[in-house]
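Trainee: Mind folding the following:
(one chain, ligands or ions: 2)
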Amino acid sequence: MTTYNLFDDADDAPWTETLAPGAVVLRRFAAADASALLTAIHQLTGQAPLRHMLTPNGFQMSVTMSNCGDVGWVSDRHGYRYDAVDPASGQPWPALPPLFLTLAAGAAAAAGYADFVPDACLINCYLPGTKMSLHQDRDERDTSQPIVSVSLGIPATFQFGGARRTDPSVKVALTHGDVVVWGGPTRLNFHGVLPLKPASHAATGERRFNLTFRKAR
Ligand code: MD6
Ligand code: FE
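Mentor: Ligands and ions are numbered 1, 2, ... in the order given. Model (predicted):
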């Protein structure tokens, strides 16, 4: 099993890779904030615990999820939606920490999307073997705004396709501190995460966290 050290991924200055017009990977963009982000994730998921949501078909997702922000992304037998309340507790989701807002706005600006003000952050936790099937992010009211997606911990292979499920896709390895910004002509492209390989990272153990920031409302 590969073990990733704290600074394996943080030595280089950030650089940008283009996936498609409108979609970029900002390599290591969040590396300097990683430990503060993980502290915040620990605190947020203490208030609104990570849980397996159900798909509308009744299958349990392999990735565990929580949210912070004005609204959170929820999936259950009724479908997918944004809800101001955590259905597990009946309480509002925790607020977006200021660091999350500045990081998301900074990443969006670096990708060419000015004035990004997210109102929702989905927190995903992957263990080795878990995955996210090919999907579109289309539950947000305002698809003129990009999505900012932060990867922390063990690596994952991100699959990025086209506007149709059957379009060819490219695979991109995402590691600790990488940020994907997704918008414009690719905002509704299909994408997913392949099953994670067993690995360990000094900052997260055998886990990958992904934060996806959206303007949902
Ligand atoms: C993940 N990400 O990286 C899952 N969606 O764990 C997503 O589903 C995603 O990274 C929209 C835009 C960027 C993403
Ligand atoms: Fe997505």
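Trainee: Counting by contacts, list what the lowest-mean-pLDDT helix or strand in the chain packs against.
Mentor: Lowest on mean pLDDT, DSSP states H and E among the helices and strands of the chain sits strand 2-4, with a mean of 91. Strand 2-4 sits against strand 199-201, with contacts defined as 3 or more C-beta pairs under 8 Å, 6 or more residues apart in numbering; DSSP states H and E. All C-beta atoms are positioned from the backbone trio N, CA, C, and that covers glycine.
Trainee: Let me know the next secondary structure element after the strand it packs on.
Mentor: The helix or strand immediately downstream of strand 199-201 is strand 208-214, counting by DSSP states H and E.
Trainee: Pull the distance from that next one to the chain's centre.
Mentor: Offset of strand 208-214 from its chain centre (C-alpha atoms, centre = their mean, to the nearest Å): 2 Å.
Trainee: Give me the average confidence score over that strand.
Mentor: Averaging pLDDT along strand 208-214 gives 98.
Trainee: can you tell me the average pLDDT over stretch 128-141?
Mentor: Stretch 128-141 comes out at a mean pLDDT of 96.
Trainee: typed the wrong thing, it's stretch 191-201
Mentor: In this model, stretch 191-201 carries a mean pLDDT of 98.
Trainee: Can you give me the buried ones in it?
Mentor: Buried residues in stretch 191-201, counted by 16 or more other C-beta atoms under 10 Å: 191, 193, 196, 199-201.
Trainee: rewinding a little: wait, does the next helix or strand after the least confident helix or strand of the chain make contact with ligand 1?
Mentor: Once the chain leaves strand 2-4, the next helix or strand it forms, by DSSP H and E, is strand 15-20. No. Judged by C-beta under 6 Å from any ligand atom, strand 15-20 stays clear of ligand 1, getting no closer than 10.2 Å.
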